[in-house]
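> With the sequence up front, the predicted model follows.
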Protein chains: 2
Amino acid sequence: MARAATTADAFNAVAEPRRRQILDALAGGERAVNDLVRMLGLAQPQVSKHLRVLREVGVVDVRDEGRQRLYRIDGRALKPIHDWVKNYERSWTERFDQLEAVLEDLEQEEKGAGGGDE
Amino acid sequence: MARAATTADAFNAVAEPRRRQILDALAGGERAVNDLVRMLGLAQPQVSKHLRVLREVGVVDVRDEGRQRLYRIDGRALKPIHDWVKNYERSWTERFDQLEAVLEDLEQEEKGAGGGDE
DNA sequence: TTGATATATTCCCATATAGGAATATGATTA
DNA sequence: TAATCATATTCCTATATGGGAATATATCAA
């Protein structure tokens, strides 16, 4: 089996940096495809393809406006990511970092000193 | 160019469901590889391979303990994910959902009524 | 209808998997 | 040293890209 499809879920979809860039660009509000092309300096087909992936996992919505297609974020599909990663939030708080540092120091000592004397 | 390496960053590393399972299993504390094998019902080589990816992006740390290798979470590498997704948090709050619903209704109306009469 | 603008899709290809099986490496004990 | 337990690595393969180029589709203007 190969890697899961990028359209499998939001986790896979936003693992691609360009797609996160697109979402960041859309954070300011609705945008047409060509706006995104200009903002990100990517080729138009690439942008359309990324937008399609984002649409398939429900992270963006589209709306037709004349010959343009306006995309906007529908962040509800991002909630599972937030919910998952939130569980680890305490692991990078300052106090936890200090704990980590202590554990790492202990580990180093363990390695460096085979028993203590000589 | 193909997809980015899973070891490129934490986003790619945790896009794989099994790796999130492993992290979830490690949330309870340090575990040996075989513990994870038993807990998750995966093959040992697969677990070792996933652990390697997680290690390469810095999400887990290892410690040698006799013939076992004890893995534990170092969530600091997950912070970028949290930071990124947190910017979209407001987009799934209840009030925002209501706004989305309104916008979607407007869009539907737009489609349904080509002009009004006839 | 013809031309122009805005997007989407298709084709092709190099690349990076993720899992299964077999095997290698390391540490512990008899 | 041999046997064993715990992990890691290698080899193989099917699969899913993501980008570039070319092209198709849709809408608006003349």
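Yes, it's here.
> What distance do you get for the residue nearest the centre of chain A to DNA strand D?
A centroid search over chain A (CA atoms, centre = their mean) returns residue A:14, at 4.4 Å, as the residue closest to the centre. According to CB to the nearest atom of the strand, to the nearest Å, residue A:14 and DNA strand D sit 10 Å apart. All C-beta spots, glycine's among them, are computed from the backbone N, C-alpha and C.
> Give the closest residue to that residue in space, chain neighbours not counted.
In this structure, residue A:14 finds its nearest non-sequential neighbour in residue A:20, 5.5 Å apart by CB to CB, 6 or more residues apart in numbering or on different chains.
> what sits against the residue nearest to the centre of chain A?
By CB atoms under 8 Å, 6 or more residues apart in numbering or on different chains, the residues touching residue A:14 are A:20, A:23, A:59, A:78, A:81, B:11.
> And for the second one, the neighbour number?
The reference is to residue A:23. Residue A:23 is flanked by 23 other residues according to other CB atoms under 10 Å in any protein chain shown.
> try the fifth one
By the measure other CB under 10 Å, the count of residues near residue A:81 is 24.
> The last one too?
Residues within reach of residue B:11, counting by other CB under 10 Å, total 23.
> do the same with the first one
Applying other CB under 10 Å, we find 17 other residues in the vicinity of residue A:20.
> Could you see whether chain B lies near stretch A:32-46?
No: contact of stretch A:32-46 with chain B (CB under 8 Å from any CB of the partner chain) is absent, the minimum separation being 10.9 Å.
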